[in-house]
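> kindly return the folded structure for what I paste below:
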Amino acid sequence: SARPCTHSVAMTLMPMLQRGSGREAIPRRALASAALAATALLAGAAGVVVGVFALVSGCPSEAFSVPLGASRRCGGREGRRGSSWRRAVCGAEAVDAGPLVRFSSSFQFEGSAHEVWRAESAACPEDLSADEAVQQLLRDGFVRVRGLLPRRLVDACSEVVWPLLESRKEAVHRSPNRGKMRQYMILQPRGPFLSPEGVLGHPLIHGILKRILGDSYAAYQLAVDTPFPGSEYQPLHSDLPRSVDERGASAHEPPTALSVNFALTPIGERDGPLEIVPGSHRTPLVEAERCIVSGGGAASANGRDLRVVRLLMEPGDVLVRDLRTLHRGSPNEVSVRGRPMAVWGFAREEAVYGRLRGGRRQPAEPPPPTAVFMSRLSLDEAELASLHEAQRRVLKLVPVER
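As a prediction, this is how the structure comes out:
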């Protein structure tokens with residue numbers, strides 16, 4: 001989202017404005033407004049330069065709508081390390097009904113995965129406690145659980161998703177938003193996605209989220225990530241800016257957000273499985289790139305042997321992931337209809353902003369300093385009435401459409 005980036009620049013300007021004023025008693029809100037205004041002026045000036053560059057270079061002007069502060073290493077083949085500035089910026093792609101994709105920390109890795117982890121190697125839910133799952137997630141940056149969700153529920157979710165994917169087939173040819181022939185589609189939680197047997201009601205998932213994000217964690221997004229035939233490798237990337245990239249491995253912090261993915265169809269080696277680097281959430285990007293490009297197995301400063309692992313999954317398998325762990329999508333070579341993976345996003349309550357229940361943190365207002373994730377969810381009254389109390393707590397920020 002561009003808003004967190006703009007807000008970060010504004011927060012950087014605030015101390016400058018404070019010092020320049022010579023007064024320590026200026027209200028923080030006033031300073032924030034002034035800083036945001038200054039940021040907008042800077043962004044406007046940059047837009048003029050970008051527009052002229054777009055005309056000269058021939059790159060579509062939409063491709064330059066990269067959030068302020070975006071990394072020059074970005075998605076697609078054009079985002080590989082060493083590419084020119086023009087190529088890197090033109091590699092940005094639009095999210096469906098949202099901001100443009102930018103990979104905060106990324107590099108292009110042309111090699112294949114070093115290892116394949118098959119679905120049966122994931123932990124069984126009866127053999128895994130929430131505490132054990134949390135330990136594994138904090139160590140590796142993710143945890144897999146085999147067959148956690150009932151197959152009948154996953155099939156019901158698939159029945160909701162397939163018509164939506166069919167309706168987007170033409171769009172994915174014209175404007176894919178996660179790389180060539182790859183679409184990220186935001187959903188509103190309805191029907192089987194709100195089942196108490198699913199992600200929002202499962203005690204193991206709740207236990208993991210509660211232990212890491214706190215009692216007041218909140219859902220901010222539901223989506224489906226789908227590579228179609230003709231898709232390509234994404235760069236290895238993080239979904240969030242990482243303190244370890246700026247200040248080193250010692251600056252690693254606990255997660256403020258997690259994604260919960262579950263497979264809607266079998267995901268074999270040629271179906272476009274997710275590939276991930278265990279332990280990379282604690283490793284600076286430059287160091288991770290050195291270890292991975294060297295062939296895998298080279299030890300990082302924190303003692304981890306960094307390897308790219310291909311994760312195979314079956315319907316109902318669940319992956320809980322720290323958004324800072326390096327990962328990439330791989331090509332879908334055989335699933336003609338596409339290979340959908342459902343994705344729930346969860347974060348600490350204070351990290352969520354947007355059009356929220358109760359009128360809090362509207363997008364037109366400056367989000368609080370802790371805000372990182374813009375909520376894209378809404379419910380209707382009938383769905384709200386059907387929720388259990390535990391689900392209501394998780395969806396407490398989501399507005400109700402009447």
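
> now do Ala364, the pLDDT please.
Looking at Ala364, its pLDDT reads 52.

> what sits against Ala156?
Contact partners of Ala156, counting by Cβ atoms under 8 Å, 6 or more residues apart in numbering, are Gly191, Pro192, Ser195. No exception for glycine: its C-beta is placed from N, CA and C like everyone else's.

> wait, I meant Gly147
Here Gly147 is in contact with Cys124, Pro125, Glu314, Gly316, Asp317 (criterion: Cβ under 8 Å, 6+ apart).

> do you know the pLDDT at the second one?
Each residue has a pLDDT score; the one for Pro125 is 93.

> mind checking how far it is from Gly207?
11 Å (Cβ to Cβ, to the nearest Å).

> more crowded one of those two?
Pro125 (18 against 15; other Cβ atoms under 10 Å).

> you'd agree the more buried one is up against Leu148?
Yes. Under the criterion of Cβ atoms under 8 Å, Pro125 makes contact with Leu148 at 5.2 Å.

> quick one: which of the contacts of Gly147 has the most company?
Asp317 leads the contacts of Gly147 on contacts (other Cβ under 10 Å) with 23 neighbours.

> residue contacts, that residue?
Ala119, Ala122, Arg144, Val145, Arg146, Gly147, Leu148, Phe262, Ala263.

> before we move on, back to that, of the contacts of Ala156, grab the buried ones for PyMOL.
Selection of buried members from the contacts of Ala156 for PyMOL, criterion 16 or more other Cβ atoms under 10 Å:
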select buried, resi 192+195
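
> please report the distance of Pro255 from Asn177.
From Pro255 to Asn177 the distance is 25 Å (Cβ to Cβ).

> count the residues that sit near Glu349.
If we define neighbours as other Cβ under 10 Å, then Glu349 has 16 of them.

> excluding chain neighbours, what is closest to it?
Ser216 (4.3 Å; Cβ to Cβ, 6 or more residues apart in numbering).

> in a helix, that's where the one you found is, yeah?
No. Counting by DSSP: H, G, I helix; E, B strand; the rest coil, Ser216 is not part of a helix but coil.

> give me the pLDDT for it.
At Ser216, pLDDT is 90.

> repeat that for Leu204.
Value for Leu204, per-residue pLDDT: 97.

> show me the contact partners of the helix or strand containing it.
Using DSSP states H and E, Leu204 maps to helix 203-213. The contact list for helix 203-213 (Cβ under 8 Å, 6+ apart) reads 125, 128-131, 133-134, 137-138, 143, 145, 148, 199, 217, 254-258, 260, 318, 320, 346-348, 390.

> list the buried residues of that helix.
For helix 203-213, by 16+ other Cβ under 10 Å, it's Leu204, Ile205, His206, Ile208, Leu209, Arg211, Ile212, Leu213.

> and the gap between the third one and Leu164?
Per Cβ to Cβ, His206 is found 27 Å from Leu164.

> residues near Glu159, how many?
Other residues close to Glu159 by other Cβ under 10 Å number 12.

> and Arg348, by the same measure?
19.

> and the pLDDT for it?
93.

> with Glu115 instead?
94.

> got it, and the one 5 residues further on?
In this prediction, Glu120 carries a pLDDT score of 94.

> quick one: it from Leu384, how far?
In terms of Cβ to Cβ, Glu120 sits 39 Å off from Leu384.

> what is the burial count for the closest residue to Leu240 other than its chain neighbours?
Leaving out its chain neighbours, the residue that sits closest to Leu240 by Cβ to Cβ, 6+ apart is Leu323, at 4.8 Å. As a burial measure, Leu323 scores 21 neighbours (other Cβ under 10 Å).

> just the helices in the chain please.
2-21, 28-57, 85-90, 130-140, 151-167, 169-174, 203-213, 243-247, 285-293, 381-386, 389-394 (DSSP state H).

> pLDDT on the fourth one, on average?
Translated: helix 130-140. 96.

> what is it packed up against?
strand 142-145, helix 203-213, strand 318-322 (3 or more Cβ pairs under 8 Å, 6 or more residues apart in numbering; DSSP states H and E).
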